[in-house]
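Asker: mind looking at a prediction? Sequence and model below.
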Amino acid sequence: MKTPSLPTPPRRRRGLHLTAMVLALALLFLIDTATRYEVAVSVFYTVIILAMAHALPWRGLIVLSGSCVALTWLSFLITSYGDQRAGLVNMLISTVAIVITGYLACTAELARAAAHEAQARLLRISRIHSLEGLTTSIAHELNQPLAAIVTSGHACQRWMEQDPPQLDKARQALQRILGDADRASGIIARVRKLSKGEPASTRPFVFNAAVREVLALSHAEMQRLDIAMRADLAPGLPLALADPVQVQQVIANLVLNAMEATALVDVARRTILVESLQQADKLVFRISDGGPGLPAGAQEQVFEPFWTTKHEGIGVGLSISRSIVEANGGHIWAEPHAPGGAVFTFSAPVAPAEGEA
């Protein structure tokens, strides 16, 4: 087996470049001195300057250019063959060519250094923006269960203050609080895994059960907004293979977006249809709302970071949802709803049956 060669260390590579440069200068000086005045060998010093443009800083290029000019003049003084006047003209032409080449090489190196500095600055800015985006996404995801906890807490307080206290309804509110607290805990655990670079915790789970759980948590808010929600979940679906917490986050975000869009229209049009079905080896979740709909040609833009149609939106929810769905082996897309509104759909892989690879 052939052993792969190791890359040359930068310091050693720089030493090789400098050695080759010195040898080339010495060889060119000897050839220039040994030839007649009429032969303008010294103009080839420009080749050495251009060859070292990427290996030397701009100060080093200035020193190299000055050394080439000095060697050109020294060679002219030492050479004793040919027409001296022609040699003087060649020497002046070579000097001008060396100076111009050195100037251009220094300018290019300074521009390259400025470009690297600008790139480093942009990288720092992008990291700051990435941190801001991550903070915003965490706040956006946690806002849903926390808001539901506050709503259920107030409801529980009202049921307990009645005379006599409505204990059954208070217990239901407490159950919703516990469920939303579990959702918030799951979000924090997922963000912790994301920060550690851990992959999604995919496992088989009941797709319709995950959908029903999210819809149950959204039921109170839909009643408050006078939204009629209809669920058409296909029976007998196989198990899904994905991270159930992440899938529920996508469902919750799509449901929240549909509720916010539907709340903008008349009460008669406030309807939401939730569907689940199987297409080949994928399970599909689809939600249709009766809101104002998407702008023309915005089916792809809505999934871009910080692009939103909401007046107070920040445009990260759908971008996060797309990242989650694709990380779990699915696909998400948007379509206009024929009667008015929008349709958002995503897919998740079907878990292999027992005995399958």
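Answerer: Yes, it's here.
Asker: make it CA atoms for all contacts and neighbour counts henceforth
Answerer: Fine.
Asker: pretty sure Gln246 contacts Ile324?
Answerer: Yes - judged on C-alpha atoms under 8 Å, Gln246 makes contact with Ile324 at a distance of 6.6 Å.
Asker: all helices for the chain, in order.
Answerer: For the chain, the helices defined by DSSP state H cover 10-34, 45-51, 58-78, 84-161, 167-195, 207-224, 244-262, 317-327.
Asker: looking at those helices, which is buried most?
Answerer: With neighbours taken as mean count of other C-alpha atoms under 10 Å, the helices of the chain reach their highest mean count in helix 244-262, at a mean of 21.
Asker: quick one: low-confidence ranges for the stretch 1-150 of the chain?
Answerer: By pLDDT under 70, the low-scoring segments of the stretch 1-150 of the chain are 1-11, 116, 118-144.
Asker: how about 50 then?
Answerer: Within the stretch 1-150 of the chain, the segments meeting pLDDT under 50 span 1-8, 126-131.
Asker: ok, now the stretch 201-350 of the chain?
Answerer: Where the stretch 201-350 of the chain drops to pLDDT under 50, the residues are 307, 311-315.
Asker: output the helices of the chain as JSON lines; include the columns distance to Phe303.
Answerer: Listed next are the helices of the chain as JSON lines, based on distance: least, C-alpha to C-alpha, whole Å:
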{"stretch": "helix 10-34", "distance to Phe303": "43"}
{"stretch": "helix 45-51", "distance to Phe303": "47"}
{"stretch": "helix 58-78", "distance to Phe303": "46"}
{"stretch": "helix 84-161", "distance to Phe303": "14"}
{"stretch": "helix 167-195", "distance to Phe303": "20"}
{"stretch": "helix 207-224", "distance to Phe303": "22"}
{"stretch": "helix 244-262", "distance to Phe303": "12"}
{"stretch": "helix 317-327", "distance to Phe303": "5"}
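Asker: what's the closest of those to Leu294?
Answerer: Smallest distance to Leu294 across the helices of the chain (C-alpha to C-alpha): 9.8 Å, for helix 244-262.
Asker: which one of the helices of the chain lies nearest to Pro339?
Answerer: Closest approach to Pro339 among the helices of the chain is made by helix 244-262 (13.0 Å; C-alpha to C-alpha).
Asker: distance from the chain centre to that closest one, please.
Answerer: 22 Å (C-alpha atoms, centre = their mean, to the nearest Å).
Asker: what lies in contact with that helix?
Answerer: The contact list for helix 244-262, computed with C-alpha atoms under 8 Å, 6 or more residues apart in numbering, reads 141, 183, 186-187, 190, 202-203, 205, 210-211, 214-215, 218, 222, 227, 269-272, 287-293, 317-318, 321, 324-325, 344.
Asker: angle of that helix against helix 207-224?
Answerer: Following axes from the mean of the first three to the mean of the last three C-alpha atoms, to 10 degrees, one obtains 30 degrees for the angle between helix 244-262 and helix 207-224.
Asker: from Ala147, how far out is the closest residue to Lys169 other than its chain neighbours?
Answerer: Nearest non-adjacent residue to Lys169, counting by C-alpha to C-alpha, 6 or more residues apart in numbering: Trp159, 6.6 Å away. As defined by C-alpha to C-alpha, to the nearest Å, Trp159 lies at a distance of 19 Å from Ala147.
Asker: kindly report the same for Val43.
Answerer: Distance from Val43 to Ala147, by C-alpha to C-alpha: 77 Å.
Asker: swap in Thr95?
Answerer: Distance from Thr95 to Ala147, counting by C-alpha to C-alpha: 77 Å.
Asker: mind listing what Asn152 touches?
Answerer: Check again: residue 152 is Ser, not Asn. 173-174, 176-177.
Asker: quick one: pLDDT of it?
Answerer: Ser152 carries a pLDDT score of 81 in this model.
Asker: about what we covered before: pretty sure the residue nearest to Lys169 contacts Gln172?
Answerer: No - contact criterion C-alpha under 8 Å: Trp159 and Gln172 do not qualify, at 10.3 Å.
Asker: what sits against the closest residue to Leu110 other than its chain neighbours?
Answerer: Distances taken as C-alpha to C-alpha, 6+ apart put Trp58 closest to Leu110, at 6.6 Å, once the chain neighbours are dropped. For Trp58, the contacting residues are 105-107, 109-110, by C-alpha under 8 Å, 6+ apart.
Asker: ok, now how distant is Trp58 from Ile93?
Answerer: As judged by C-alpha to C-alpha, Trp58 and Ile93 stand 23 Å apart.
Asker: okay, now the residue nearest to Arg322 when sequence neighbours are not counted: neighbour count?
Answerer: If the residues on either side of it in the chain are set aside, Arg322 comes closest to Ile332, at 6.1 Å by C-alpha to C-alpha, 6+ apart. Neighbourhood size, Ile332 [other C-alpha atoms under 10 Å]: 21.
Asker: ok, Ile332 to Phe346 distance?
Answerer: Per C-alpha to C-alpha, Ile332 is found 4 Å from Phe346.
Asker: find the residues that touch each one of those two.
Answerer: Both Ile332 and Phe346 are contacted by Val325, under the criterion C-alpha under 8 Å, 6+ apart.
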